[in-house]
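Engineer: sequence and predicted structure below; questions after.
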Amino acid sequence: MIGLAAYQPDIAPNLGAMIRISACFGLPLDIIEPCGFPLSVKALRRSAMDYANMADMTRHDSWEAFRESRAQHRLVLLTTAGATGLWDFSFRQGDIILTGRESAGVPPQVAAAADARLRIPMPGGGRSLNVAVAAAIALAEAMRQLRPEGAA
């Protein structure tokens, strides 16, 4: 199955939306800390509503801890600087879609560690999408390609 990872999220409601996406699609969510806000049970309940209890979430203390625990997976970074368009990419089972910080994306060493760097084409001319929206678009495309059980 596909997974989703949030690199040091800045905005609690966006992480809440990603938790909801994870719960609704039945996909794991990795949260790579530190976050730009206190990540407490109360904050999760407020931002993710009742979906936090349904989501398969794993918190990682650092980028290094995340990489160590997910080393066998292909890492697919969503970035406005991506060389490959989302529609031209072939997803594989086990891929993890990584989103960066809302304020700064990911540092160069994280981008370099990604197996693929994808951009979502925006013919309307916008600069970037909200990270939760981008994650949902990429996950929907991955699921369309892979047709996981129960997604028909």
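Structural biologist: That came in fine, so what should we check first? No experiment lies behind these values; they were computed from the predicted model shown.
Engineer: which parts of this structure are strands?
Structural biologist: Remark: strands assigned in the chain by DSSP state E are 3-7, 28-32, 56-60, 75-78, 84-85, 96-99, 116-119.
Engineer: worst average pLDDT in the ones you listed?
Structural biologist: Comparing mean pLDDT over these, the weakest stretch is strand 56-60, at a mean of 93.
Engineer: what angle separates that one from strand 3-7?
Structural biologist: Between the direction of strand 56-60 and that of strand 3-7, the angle (axes from the mean of the first three to the mean of the last three CA atoms, to 10 degrees) works out to 40 degrees.
Engineer: quick one on the thing from earlier: the strands of the chain: which one's closest to Ala134?
Structural biologist: In terms of CB to CB, the element of the strands of the chain nearest to Ala134 is strand 75-78, at 5.1 Å. Quick note: C-beta positions are derived from backbone N, CA and C, even for glycine.
Engineer: ok so, going back, okay if I get the strands of the chain as JSON lines plus distance to Gly126 and mean neighbour count?
Structural biologist: Written out in JSON lines, the entries for these read as follows (distance: least, CB to CB, whole Å; neighbours: other CB atoms under 10 Å):
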{"stretch": "strand 3-7", "distance to Gly126": "21", "mean neighbour count": "24"}
{"stretch": "strand 28-32", "distance to Gly126": "25", "mean neighbour count": "22"}
{"stretch": "strand 56-60", "distance to Gly126": "29", "mean neighbour count": "16"}
{"stretch": "strand 75-78", "distance to Gly126": "14", "mean neighbour count": "24"}
{"stretch": "strand 84-85", "distance to Gly126": "15", "mean neighbour count": "12"}
{"stretch": "strand 96-99", "distance to Gly126": "17", "mean neighbour count": "25"}
{"stretch": "strand 116-119", "distance to Gly126": "12", "mean neighbour count": "20"}
